[in-house]
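**Q** Please find the sequence and the predicted model below.
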Amino acid sequence: MNKMEKIKKLIKKLLTKEVILYLVFGVTTTLVNLGMFYLLNTILNWEQNVSNFIAIVISVLVAYVTNKDLVFHSEAKNIKEKLFEFFKFILGRAFTMLIEFIGGLIFFNLPIPNIIVKIGLNVIVVILNFIISRFFTFKKKSNKV
């Protein structure tokens, strides 16, 4: 197998329906996050860390709804399972929110436009959130050991 065939095979393996849907809704969630941040920080002139925190919280709620039903097809049946799944989702997002928030505290003070910092932090967060959602929050029962 030549190099190009190996690359095509890897791309086909990585670009599953789940990954593509996650990317679509990840972009949507990121746009919500960036849009809210821009609205609060730039248009309403709210402090950047307050704006960042509110934008993150709103985007996490949008992500839960889209990920639960449209990307990972939650298998939670009863209220106990649904609450536990939501708790795991929030726990995972709290972790990445903390990473994003601390990143903001560090990088908003650099001579880089705030929105560029926000975009860079979002790329890191989207990757981490996929890994957490796929292997922790919405882990399929058939995949459990």
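**A** Done, it's in.
**Q** for this protein, what's the longest helix?
**A** Longest helix of the chain, by residue count under DSSP state H: helix 79-107.
**Q** tell me the mean pLDDT for that one?
**A** Averaged over helix 79-107, pLDDT sits at 92.
**Q** Could you name the helices and strands sitting against whichever helix or strand comes after that helix?
**A** Once the chain leaves helix 79-107, the next helix or strand it forms, by DSSP states H and E, is helix 114-132. Judged by 3 or more CB pairs under 8 Å, 6 or more residues apart in numbering; DSSP states H and E, helix 114-132 is in contact with helix 17-37, helix 48-66, helix 79-107. Every C-beta, even on glycine, is put in place using the N, C-alpha and C of the backbone.
**Q** again, 6 Å this time
**A** The contact analysis (3 or more CB pairs under 6 Å, 6 or more residues apart in numbering; DSSP states H and E) places helix 114-132 against helix 17-37, helix 79-107.
**Q** about what we covered before: between the longest helix of the chain and helix 17-37, what angle do the directions make?
**A** Using axes from the mean of the first three to the mean of the last three CA atoms, to 10 degrees, the direction of helix 79-107 lies 60 degrees away from that of helix 17-37.
**Q** circling back to that earlier point, and the helices and strands packed on helix 114-132, which is most packed in?
**A** Of the helices and strands packed on helix 114-132, the one with the most neighbours on average (mean count of other CB atoms under 10 Å) is helix 17-37, at a mean of 17.
**Q** Quick one: work out the angle between it and helix 48-66.
**A** 150 degrees.
**Q** Identify all contacting residues around helix 17-37.
**A** Outside helix 17-37, the residues that touch it by CB atoms under 6 Å, 6 or more residues apart in numbering are 51, 55, 58-59, 62-63, 66, 71, 118, 122, 126, 130.
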